[in-house]
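*Asks:* Sequence and predicted structure below; questions after.
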Amino acid sequence: MTHLDTSLEDSPRTPTPDLPTIGWREWLALPDLGVARIKAKIDTGARSSALHASDIERSGDRVKFITRPKHAGTGDPVSCEADLLDVRTIKSSNGAIEERYLISTSVELKGICWPIELTLTSRDDMLFWMLLGREAMRGRFLVDPGASFLDPSRLSRKKRRPTS
């Protein structure tokens, strides 16, 4: 006879509040940076959030950079500037260690706008040019890993889902 460990089943659980649900990928906005729409991977495995940036220039306590909201170099580049919060050493999912600039900006998703911290890095080889990490969404959303693009306000007209 096999003994099953039921310690998780018996442990007290915090009730989940009524939070909006988002999918594993979503269109969101970065209004402080002038980015009206960018596709992001909702990454509960990543602690911090990251944004694709090129031509990064530090000037004292400010940082200037270029981002492209559409992938693979398509779309107009957006020139951004933000206060520099810190320089962080980040270990990526492939094990590479990199120093990155950390900024604070606002993000908007499902009609909710709040401040987040983002690291700036080249994501040229990545499928998503933005990651929204768990610190940025903690206490704000539930993530459905089987769903995508649950914010109909960010879908293009061609891709809008019918409303019930």
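*Replies:* In hand now; what should we look at? Numbering: from 1, shown residues only.
*Asks:* which neighbours does the strand or helix carrying P115 have in its sheet, and in what orientation?
*Replies:* P115 is part of strand 112-121, with elements assigned from DSSP states H and E. According to DSSP bridges, the neighbouring strands of strand 112-121, each with its direction, are strand 49-52 (parallel), strand 97-109 (antiparallel).
*Asks:* How about that strand, which residues are buried there?
*Replies:* Residues of strand 112-121 classed as buried by neighbour count (16 or more other Cβ atoms under 10 Å): 116-121. In this view, the C-beta of every residue, glycine as well, is placed from N, C-alpha and C.
*Asks:* Bridged to M130, which residues?
*Replies:* So, taking DSSP bridges as the rule, M130 has L51 as bridge partners.
*Asks:* That one and S54: what is the separation?
*Replies:* Shown here: M130 relative to S54, a distance of 14 Å by Cβ to Cβ, to the nearest Å.
*Asks:* Ok, I42 next?
*Replies:* Here the criterion is Cβ to Cβ. By it, I42 lies 23 Å from S54.
*Asks:* Which one of these two is surrounded by more residues?
*Replies:* Between I42 and S54, counted using other Cβ atoms under 10 Å, I42 has the larger neighbour count: 27 against 15.
*Asks:* Just to be sure, that one is in a helix?
*Replies:* No. Going by DSSP: H, G, I helix; E, B strand; the rest coil, the assignment for I42 is strand, not a helix.
*Asks:* what's the neighbour count on the nearest residue to M126 once chain neighbours are set aside?
*Replies:* In space, not counting the residues next to it along the chain, M126 is nearest to H52; the distance is 7.5 Å by Cβ to Cβ, 6 or more residues apart in numbering. For H52, the tally of surrounding residues (other Cβ under 10 Å) stands at 21.
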